[in-house]
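Asks: Could you work out the structure for the sequence below:
(one chain, ligands or ions: 2)
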Amino acid sequence: MASAGTLDTLPIIDIAPFLNSDPADADKRAATSAALHAACVEYGFFYLNIDAYVDRAEPEELTRLGKEFFLLPQEEKNKLALSNQDYARGYAKLNENVTSGKADAHEGLDLYRPVTNPDKTKPVWGENQWPEVPGFREKYEIWVEKMKALGLILMEAMSIGLGLTREEWNDLRSQVDDSFWVMRVIGYPPLPKDHDGVSCGAHKDYGCLTFLYTDPTRSALQVFLRRPGTTVMDKTGLPLEQGTEEGIWINADPIPGCVVCNIGEMWEIWTDGLYRSTLHRVVHRGSNYRVSVPFFFEPNFDALVKPFESQKTTPTRKAIVYGDFLVSKVGNNFADPGKGKY
Ligand SMILES: O=C(O)CCC(=O)C(=O)O
Ligand SMILES: [Fe+2]
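Replies: Ligands and ions are numbered 1, 2, ... in the order given. This is a model prediction of the structure:
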């Protein structure tokens, strides 16, 4: 039986040493890379301390703006419906999103990397729909630029921790240097006391890296830690394929100055299974309205993602083209079969 202890909290890793190339910081960079590697093997999740990178007031402002949007009358929010566009970009009302066949008790707004020649009849190829909340677009666009740059910095730090060769890093860089990112704003009303469901069902993120900033609400985001020999006490929301997995759910409460970072399924492919994308869910039973703003740093749309030579095991994982994979995932997100049927 696994006991509660230091193993059951996610590590905190500081990105500061990678924000400069000062030779005096070489040891600190090596320590950050080693910590990233250990965290990805052990948890697939960690806190990334970004205090040296952004002012804390910036993401706080994003959650404030998000809440301002969600407080608008329902008709106003519906004007940004996903169905106006490509069924991926825009506003999804409460219970519209579905995870493992169950409605998620949240509403959200999804923004994607803009494309040249948008065409809303093509999967994920429409135009973003911005709320008319003053300052919203400006502040979110600044955040997107910063998170894109952070994504590349973190990818390089991770490639060192993983022990990729210089050629492999150049290859990896060329797969993510024009990230088909997603910026999501999610609003969670409190779950009714007698509600047996979850706010966001257990899932793995499918891309590359997630940088999650949330308001200070505690006891909402939970991470599944695999612990062979431990009985899963609460199977609520666990996908069927997870039924036999043994482990525990731990809270990943927000830490000031940090984003929660987790790795998506693309890392499973690059490392041929050494790094595993980890299940997480949101169960928000507090009385406040919670807002979270995950940024998904993803590969380029046309990236061919395959295991690196130095990581290959037998049997080796299949190569995928990120854009195709994304389209198949987006198509599974909604309950109404008329939606996302790409
Ligand atoms: O709101 C959260 O804390 C997590 C959201 C999440 O996991 C997702 O959007 O993929
Ligand atoms: Fe997620």
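
Asks: Secondary structure class of E145, three-state.
Replies: Classification of E145 using DSSP: H, G, I helix; E, B strand; the rest coil returns helix.

Asks: what separates it from E138, distance-wise?
Replies: From E145 across to E138, the span is 11 Å (Cβ to Cβ, to the nearest Å). Just so you know, the C-beta spots here come from the backbone N, C-alpha and C atoms, and that holds for glycine as well.

Asks: Repeat that for S277.
Replies: 33 Å.

Asks: and these two? which has more neighbours close in?
Replies: S277 (23 against 11; other Cβ atoms under 10 Å).

Asks: shouldn't the more buried one be in contact with I269?
Replies: No. Using Cβ atoms under 8 Å as the test, S277 is too far from I269 to be in contact (10.0 Å).

Asks: Enumerate the residues of the stretch 101-250 of the chain near ligand 1.
Replies: Applying Cβ under 6 Å from any ligand atom, we find that the stretch 101-250 of the chain lies next to ligand 1 at 184, 186, 200, 205, 212, 214, 221.

Asks: What segments of the protein are helices?
Replies: Under the criterion DSSP state H, the chain contains helices at 26-42, 57-70, 74-78, 136-162, 166-176, 265-270, 322-330.

Asks: which residues of this structure score low on pLDDT?
Replies: Applying pLDDT under 70 to the chain flags the ranges 1-7, 231-244, 332-342.

Asks: what is the residue nearest the centre of it paired to in the beta sheet?
Replies: The chain has T210 as the residue nearest its centroid, 3.1 Å off, counting by Cα atoms, centre = their mean. In this entry, T210 is beta-bridged to N262, F296, by DSSP bridges.

Asks: distance of it from Y322?
Replies: Counting by Cβ to Cβ, the separation of T210 from Y322 is 15 Å.

Asks: again with D104
Replies: 24 Å.

Asks: Of all residues in this protein, which one is closest to ligand 1?
Replies: In the chain, the residue that lies nearest ligand 1 is S292 (3.3 Å; Cβ to the nearest ligand atom).

Asks: what residues are up against the residue nearest to that residue when sequence neighbours are not counted?
Replies: Closest residue in space to S292, ignoring its immediate chain neighbours: T214 at 4.0 Å, by Cβ to Cβ, 6 or more residues apart in numbering. Neighbouring residues of T214 by Cβ atoms under 8 Å, 6 or more residues apart in numbering: 63, 220-221, 254, 260, 290-293.

Asks: From those, pick the one nearest N84.
Replies: Each of the contacts of T214 was checked against N84 using Cβ to Cβ; the closest is V293, at 22.1 Å.

Asks: burial measure for that closest one, as a count.
Replies: 23.

Asks: From R56, how far off is it?
Replies: Separation of V293 from R56 (Cβ to Cβ): 14 Å.

Asks: I figured Q222 was touching V283, is that so?
Replies: Yes. Q222 is within contact range of V283, at 6.2 Å (criterion: Cβ under 8 Å).
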